[in-house]
Every structure is written in structure tokens, then in C-alpha cells.
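In: Need a 3D model of the sequence below.
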Amino acid sequence: MFDDLPAPAVEMYAAIGLLTVQWAAAEYVLDHLIGRIHKDFGGNKVQQDAPLSFNKKPKYLRRSFQADDRLRPHLGQLNELLDEANQIVEFRKWCAHGLTGLHPEEDGKFAITTLMRAPDYRTATRKFSPKKINEVSDRASALAVNIFLFGAFQLEIFPSDVASKVIDSLVNRKTGDPPSG
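Out: All right, here's what the predicted structure looks like:
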């Protein structure tokens, strides 16, 4: 399948795929954080069911942190992580849900067009380069690590004896090194 595509398109699609996978890792760790907060820190009193959609997770987490004396001191750090997550999600949305051409424009960037659902169902186009997408992919990978470290060492809700193994696994995914013992 890739043999029939121009090399720049393959590079672009690979960058979008990596961004999607790295964001999935970050959201996976975020979901574990939410699960522990929901079960062990009264999040279930803030909202009966933990949110599934990313769009609802920041509000749920902020409300849960504000409602618990043990979590409240960490609200500022949570907000920093959520701000980074929101920026990555917005970028990823364009790349993963837009229509990408097969050839870069003269500036080396690809036009990605998406349908803006609100308020008037219009199309919008932005330009992205594989290099920029890879940079955001790296940010998503770092976010996964930072959310885990936040949960393990700041909040002490992830077992700290597992932290090294998880971090090794996340780092090794990026470098391609085999997992250590």
C-alpha cells in the first residue's frame, strides 16, 4: 500500500500515526489517574461515572481535586498538565480527523482540511509539516511520563515501586530499545 504513495506522503502519514499512538499513551495514563481518583479520592462523589471523553476529563479532574483536601494542593500542577494535554489534543484532532493531501505544498507543509461542526459546518484548512507533528508527538510522549510521575510521586496514588518499570517502558517505546529486566 505504501509503495504506491509518494515518499513525502508516507512521511506525513507516519508522523500522524506516531502522534496518534503517543497521544493514546498519554490518555491511557490519564485514564489510570482518573480511575484511582474516582475510586480512592472521592471522584465518584463529584460525578457518578468517570468520564470517557477527553473533553469531559479536565473538568472532572479539576472538580475532584478541588473537592479533596489531599489533592487540592496539587491543583496548579494538574492544570499545567491539562493545559499541555488540551494543546496536544487540539493539534492531534486536526491531524487525525482532517483530510490530508498526498503532496506537500511549496513550503514543504501539507494542507489538512477538516469540517468545523459548530456553529455553521464550514471547512477550514491549516498547514502542517511532518517535523512539527513529530515535535508534538514528542510532547505527547513526555506528557504520558509527566502524568505518571505526577500520580506516582506527587500524589502517591500509583505504586512508586512500579514507576521505574513504567518509565523504562515509555522511554524504550520512543528509542526502540528492548525493555530492561
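In: now residue 112: how far from residue 125?
Out: For residue 112, the distance to residue 125 equals 7 Å [C-beta to C-beta, to the nearest Å]. Every C-beta, even on glycine, is put in place using the N, C-alpha and C of the backbone.
In: Which one's more surrounded, the two?
Out: A direct count of neighbours by other C-beta atoms under 10 Å for residue 112 and residue 125 places residue 112 higher, at 21 against 12.
In: quick check, the more buried one in a strand?
Out: Yes. Counting by DSSP: H, G, I helix; E, B strand; the rest coil, residue 112 is part of a strand.
In: In this structure it contacts residue 124, no?
Out: No. Here residue 112 does not reach residue 124: they are 9.4 Å apart, not a contact under C-beta atoms under 8 Å.
In: Quote the end-to-end distance of stretch 118-126.
Out: 17 Å (C-alpha to C-alpha, to the nearest Å).
In: what's next to it, contact-wise?
Out: Here stretch 118-126 makes contact (C-beta atoms under 8 Å, 6 or more residues apart in numbering) with 94, 98, 111-116.
In: what does stretch 6-15 give?
Out: 2, 5, 95, 100-104, 110, 128, 130-131, 133-134, 137.
In: Can you mark which positions in that stretch are buried?
Out: For stretch 6-15, the buried set under the neighbour-count rule, 16 or more other C-beta atoms under 10 Å, comprises 8-13, 15.
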